[in-house]
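**Q** Provided below are the primary sequence and the corresponding predicted coordinates.
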Amino acid sequence: MSLVAGLDAGTQSVKLVVYDADTRQVVASASAPLDLISGDDGSREQHPAAWVEAMHDCFGAIDVSVRHRIVALGVSGQQHGFVPVDAAGEVLGPAKLWCDTSTSAECGEIMDAVGGAGRCIELAGNPVLAGYTASKLPWTRRHRPEVYARLATILLPHDYLNFVLTGERFCEYGDASGTGWLDVRTRQWSSAMLDATDDTRDLRDCLPPLVEPDASFPMLPAIASALGLPAGVRVSAGGGDNMMAAIGTGCVAEGRLTMSLGTSGTLFAYADRPIVDDDGAWAAFCSSSGGWLPLICTMNCTVVTEQVAKMFGFSTRDGDARIAATAPGADGLTFLPFLNGERTPDLPLGKGVLAGLGAHNMREAHVYRAAMEGATYSLRYGYDAFVGAGMRFDRIALTGGGANSAAWRQMVADVFDCPVDVPAQVESAAFGAALQALWSLQRAQGDAGTLAEVAAAHVAVDPSLACTPDPERVRAYQPAYQRFLRHLDAVRPLYAAPPPL
Ligand SMILES: Nc1ncnc2c1ncn2[C@@H]1O[C@H](COP(=O)(O)OP(=O)(O)O)[C@@H](O)[C@H]1O
Ligand SMILES: O=C(CO)[C@@H](O)[C@H](O)COP(=O)(O)O
């Protein structure tokens with residue numbers, strides 16, 4: 001009996017699941033924490049070596065007999081990170097991450113060079129938003145000239161782990177679309193976007209070749225041996241964590257919607273054609289399953305509940321009691337949760353705002369509820385753009401660490417007025433990576449099945465965690481959400497994008 005594995009390098013931890021496709025059981029899992037290096041200028045960085053070390057820790061935590069049976073591995077990773085690598089394959093500096101807003105002026109600079117955000121959308125399907133990989137290049141040229149001078153290849157976080165595992169530099173369409181350089185309609189690098197980012201060198205030379213989602217490469221014998229894996233393990237193309245979570249939650253067919261409550265909050269729908277918004281209301285990404293994945297991402301999701309819980313000295317695991325002790329709307333307290341700047345809405349210089357304070361709601365439980373509501377309303381704000389464009393969904397598949405909270409699951413059902421399913425495999429991104437690895441293995445063996453068929457066969461929901469909207473609470477959340485939107489409009493001018501340099 002052979003096993004497939006999925007590895008997910010998230011913002012807060014690296015997670016590993018090992019899956020037995022015959023018995024449809026996750027037979028082992030492990031995780032290892034990661035630190036974030038934060039700067040007052042909005043910078044958020046990690047050392048790629050920490051991902052590699054955490055990957056070793058995860059495999060090391062798994063029984064040797066299980067590791068020996070692994071035949072394929074897929075890698076998922078936080079999107080948009082900029083890993084600068086030299087010609088010899090050495091990492092030249094820390095990776096600037098998806099949540100790094102220190103390069104927002106460079107975003108404006110790139111967009112101006114092509115003629116504005118609208119022109120970027122015509123060229124590539126997306127504007128260059130804070131956090132996307134593109135703006136990290138001019139920032140590096142300006143602030144880390146020694147890195148820029150030796151830069152040979154730009155890799156995304158999951159591309160870098162694939163490189164460590166296989167010795168090959170490659171990337172696939174899903175994660176590549178989060179660079180800002182990929183024309184998502186044609187799935188080719190956009191020369192105009194690359195030239196606008198750097199007119200002093202040809203960035204095409206720094207980007208690895210794009211591969212199809214069913215591609216796979218052999219793992220290097222030395223790393224297989226160090227991880228305790230057998231020789232001949234195949235490494236699939238992998239993808240961005242949202243693309244992999246789409247696979248792991250069955251969001252691989254039209255009409256499916258997944259929401260992830262992680263460090264970031266995301267909301268994404270599968271499409272079998274590019275879904276581009278002329279105003280850039282959502283990220284028009286490709287999927288890592290052969291299609292497209294229009295996506296909403298908020299930069300502040302569990303990071304907000306986590307910070308509030310920390311401030312009051314409790315764990316988010318004990319947060320549900322605070323939600324139960326308060327009513328929808330938090331008695332008039334509104335929390336605009338933009339602690340780290342924000343992408344949806346586009347407020348890269350955003351900060352958190354607590355409004356509507358009175359003696360009656362200046363309590364720990366109210367602030368925690370307002371934080372969870374604020375993070376949920378931000379996602380609803382993005383969802384409204386999907387619905388405004390005619391997309392319709394009859395269920396939400398909820399995943400990410402926040403989905404462990406029963407109160408949050410119910411809040412999503414009520415705020416979105418939509419039933420919520422929770423997948424049985426909670427680590428959706430790692431699980432999706434394992435399913436992609438399984439599929440690419442089957443393809444290599446001549447099986448013509450689709451990834452959608454693989455997902456349909458292996459993704460299950462946990463019926464005990466499903467939630468349906470409660471009509472009374474649905475009504476109670478509506479004015480609170482409207483109040484959130486009014487406060488948002490009030491702070492917009494304070495936190496808008498900076499002018500280009
Ligand atoms: N029961 C819970 N209630 C609320 N939040 C939770 C709960 N369990 C985990 N979390 C949150 O989930 C987050 C981690 O989610 P995860 O999806 O693993 O993030 P990432 O992929 O960004 O590293 C943590 O910030 C943690 O606070
Ligand atoms: O920037 C995005 C999506 O566009 C984020 O969703 C990152 O991919 C980080 O994911 P998590 O670490 O929060 O899972």
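**A** Yes, it's here. Ligands and ions are numbered 1, 2, ... in the order given.
**Q** burial measure for the residue of the chain found nearest ligand 1, as a count.
**A** In the chain, the residue that lies nearest ligand 1 is residue 401 (2.0 Å; Cβ to the nearest ligand atom). Any C-beta I mention is one placed from the backbone N, CA and C, and that applies to glycine too. By the measure other Cβ atoms under 10 Å, the count of residues near residue 401 is 21.
**Q** Contacts only, for it.
**A** Counting by Cβ atoms under 8 Å, 6 or more residues apart in numbering, residue 401 touches 12, 261, 262, 302.
**Q** Return the residues of the chain in contact with ligand 1.
**A** 10-13, 262-263, 302, 305-306, 316-317, 319, 400-402, 404-405 (Cβ under 6 Å from any ligand atom).
**Q** try 8 Å
**A** 8, 10-13, 15, 34, 78, 241, 260-264, 302-303, 305-306, 309, 316-317, 319-320, 372, 399-402, 404-405, 407-408, 427, 429 (Cβ under 8 Å from any ligand atom).
**Q** Report the distance from stretch 169-186 to the chain centre.
**A** 14 Å (Cα atoms, centre = their mean, to the nearest Å).
**Q** Could you tell me the end-to-end distance of it?
**A** With Cα to Cα, to the nearest Å as the measure, stretch 169-186 spans 21 Å from end to end.
**Q** Helix or strand: which one has the residue of the chain positioned farthest from its centre?
**A** Of all residues in the chain, residue 359 has its C-alpha farthest from the mean position, at 38.1 Å, by Cα atoms, centre = their mean. For residue 359, there is no enclosing helix or strand under DSSP states H and E.
**Q** for residue 146, same thing?
**A** With DSSP H and E as the criterion, residue 146 is inside helix 145-150.
**Q** average pLDDT across the following helix or strand past that helix?
**A** Per DSSP H and E, helix 145-150 leads on to strand 153-155 as the next helix or strand towards the C-terminus. The average of the pLDDT scores along strand 153-155 is 98.
**Q** hmm, who's touching whichever helix or strand comes after strand 153-155?
**A** Counting by DSSP H and E, the next helix or strand C-terminal to strand 153-155 is helix 157-166. For helix 157-166, contacts defined as Cβ under 8 Å, 6+ apart pick out 7, 9, 48, 51-52, 55, 73, 75-79, 81, 83, 85, 89, 91, 95, 155, 168-171, 175, 208, 217-220, 223, 235, 237-241.
**Q** near ligand 2, anything from stretch 5-18?
**A** Yes. Stretch 5-18 reaches ligand 2 (Cβ under 8 Å from any ligand atom) through 8, 10, 11, 12.
**Q** Give the burial count for the first one, as a bare number.
**A** Read it as residue 8. For residue 8, using other Cβ under 10 Å, the count is 30.
**Q** chain center to the host helix or strand of it, what's the gap?
**A** Using DSSP H and E, residue 8 sits within strand 3-9. Centre-to-centre, strand 3-9 and its host chain are 16 Å apart (Cα atoms, centre = their mean).
**Q** pLDDT on it, on average?
**A** pLDDT averaged over strand 3-9 gives 98.
**Q** go on, stretch 55-74?
**A** 98.
**Q** Return the set of residues that bridge with the nearest residue to residue 444 once chain neighbours are set aside.
**A** Leaving aside its chain neighbours, residue 444 sits nearest to residue 216 (6.1 Å; criterion: Cβ to Cβ, 6 or more residues apart in numbering). Note on residue 216: beta-bridge partners residue 236, judged by DSSP bridges.
**Q** same question, residue 341
**A** residue 339.
**Q** Equivalent analysis for residue 6, please.
**A** So, taking DSSP bridges as the rule, residue 6 has residue 17, residue 74 as bridge partners.
**Q** so what's it up against?
**A** With the criterion set at Cβ under 8 Å, 6+ apart, residue 6 makes contact with 16-17, 19, 73-76, 244, 248, 427, 429-437.
**Q** do that again at 7 Å, thanks
**A** 17, 74, 76, 430, 431, 432, 433, 434, 437 (Cβ atoms under 7 Å, 6 or more residues apart in numbering).
**Q** Likewise for residue 423?
**A** 248, 249, 397, 399, 459, 461.
**Q** Which positions in the stretch 351-500 of the chain make contact with ligand 2?
**A** When proximity is defined as Cβ under 8 Å from any ligand atom, the stretch 351-500 of the chain approaches ligand 2 at 400, 429.
**Q** Neighbour-wise, which one of the contacts of residue 6 leads?
**A** Most crowded among the contacts of residue 6, counting by other Cβ under 10 Å, is residue 432 at 39 neighbours.
**Q** Touching, it and residue 241? I think so.
**A** No. If you go by Cβ atoms under 7 Å, residue 432 and residue 241 don't touch, sitting 8.7 Å apart.
**Q** who touches both of these two?
**A** By Cβ under 7 Å, 6+ apart, the residues touching both residue 432 and residue 241 are residue 76.
**Q** do you know how far residue 334 is from ligand 2?
**A** Distance from residue 334 to ligand 2, counting by Cβ to the nearest ligand atom, to the nearest Å: 24 Å.
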